[in-house]
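# got a sequence here, can you model it:
(2 chains)
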Amino acid sequence: MKQATTEVLLPDLGEIEDALVVGWLRRVGDVVKEGDDLVEVETEKTTFVVPAPASGRLTHIAAAEGKRVQVGGRLGDITRE
Amino acid sequence: MHTLCIEGRVPDVLLTVEHDPVFTRGRTARATEYLVPADEVDRAAIPVVDVERGGDMTYHGPGQLVAYPIVDLRRHGRDVKQYVRALEEAAIATLRTYGVDANRRPGFPGVWVREGKIASIGIYVKGWVTRHGLALNVDADSAHLGMIHPCGLPVKAVSLCAIAARPVALSEVEDRFAADLADLLGWRLERRTLADLEGRVCV
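Next up is the predicted model:
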């Protein structure tokens, strides 16, 4: 079985270096569709909902709630089985 | 409205409202701490509501301009910080017309005057479209404002009328703020009632 893993990265939000993970909306093991609301991050008094970059199963959370992540940094993994 | 904006079916919208007294807690709010005795808080009977926007606890109530812009940031450079700055600068421009000198403080979103914090900001962005917004104290109940630290910071929340030492109509501040934000975001303003908008988006 071929598996393709897509990393969920913190998107470029403009003039911002990093953001705080405030909550995952899906759990490891959940099946997600590309574009689904996946994880909320906060910066500059703004909650930003990061969408799933691909369809598949959320197989790993690299940055749990309370972690600070740089723009482009890894939040988790989505694997297509 | 937010969903319609994500789908590109409506232009940017600025909703302005005046709330009944309420404390709202953002996503990163810490344990609620009141600055006045518990019985005073109980007597005021102000509800506390958890909301999706960023930031800590804040107060909303009569005499406060609450602006909820629904803005598609895909049309405005996909920059969250620049958007927050536009809201701050619009409030600063509005306050300037009343002779009030206000400014931004790097690292502390919101609008500040010498006496304290005059406007608070909390945003929620989904699909690059914004919800929530800015609250500017025009003539808010100072007893209510004084019940908490605005946004959890050890500062005082103040109102435009107190600083300018004269009465100011909320509707007038609302119009000025809309015009100032329109300038900053490159909008051409059209005034609509909610009924107008519903008529437009349901076709």
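
# show me what contacts the residue in chain A positioned nearest to chain B?
The nearest approach of chain A to chain B comes at A:G14, 2.6 Å away (CB to the nearest CB). C-betas here are computed from N, CA, C, even on glycine. Contact partners of A:G14, counting by CB atoms under 8 Å, 6 or more residues apart in numbering or on different chains, are B:77-82.

# so which of those residues are in helices?
B:80-82 (DSSP state H).

# by neighbour count, which of these wins?
For the ones in helices among the contacts of A:G14, the largest number of neighbours (other CB atoms under 10 Å in any protein chain shown) sits with B:V80, at 24 neighbours.

# out of the contacts of A:G14, who's nearest chain A?
Chain A lies nearest to B:D79 out of the contacts of A:G14, by CB to the nearest CB, at 2.6 Å.

# how far away is the closest one from A:F48?
12 Å (CB to CB, to the nearest Å).

# and if you look at B:V155?
Distance of B:V155 to A:F48, given as CB to CB: 26 Å.

# again, but for B:D12
According to CB to CB, B:D12 stands 18 Å off from A:F48.

# who's more crowded, these two?
A:F48 (25 against 19).

# just the pLDDT for that one.
Looking at A:F48, its pLDDT stands at 97.

# tell me the bridge partners for the closest residue to it other than its chain neighbours.
The shortest distance from A:F48 to any non-neighbouring residue, by CB to CB, 6 or more residues apart in numbering or on different chains, is to B:V125 (4.7 Å). The residues listed as beta-bridge partners of B:V125 by DSSP bridges are A:F48, B:T130.

# neighbours of B:V125, how many?
Counted with other CB under 10 Å, B:V125 comes out at 23.

# and it, how far from B:G186?
B:V125 is 19 Å from B:G186, by CB to CB.

# who does whatever helix or strand A:T79 lives in touch, helix- and strand-wise?
Assessed by DSSP states H and E, A:T79 sits inside strand A:74-80. Identification of packing neighbours for strand A:74-80 by 3 or more CB pairs under 8 Å, 6 or more residues apart in numbering or on different chains; DSSP states H and E yields strand A:4-9, strand A:37-43, strand A:56-61.

# out of those, which one sits most buried?
Of all those, strand A:37-43 has the most neighbours on average by mean count of other CB atoms under 10 Å in any protein chain shown, namely a mean of 22.

# and the helix or strand where B:D183 lies, how far out from the chain middle?
With secondary structure defined by DSSP H and E, B:D183 is part of helix B:170-185. Centroid separation for helix B:170-185 versus its chain: 12 Å, with CA atoms, centre = their mean, to the nearest Å.

# would that helix count as contacting chain A?
No. Counting by CB under 8 Å from any CB of the partner chain, chain A has no neighbours in helix B:170-185; the shortest distance is 14.6 Å.

# so what does that helix touch, helix or strand wise?
Helix B:170-185 packs on strand B:13-17, strand B:64-70, helix B:80-96, going by 3+ CB pairs under 8 Å, 6+ apart.

# and the first one, what other elements does it pack with?
With contacts defined as 3+ CB pairs under 8 Å, 6+ apart, strand B:13-17 has these neighbours: strand B:64-70, helix B:170-185.
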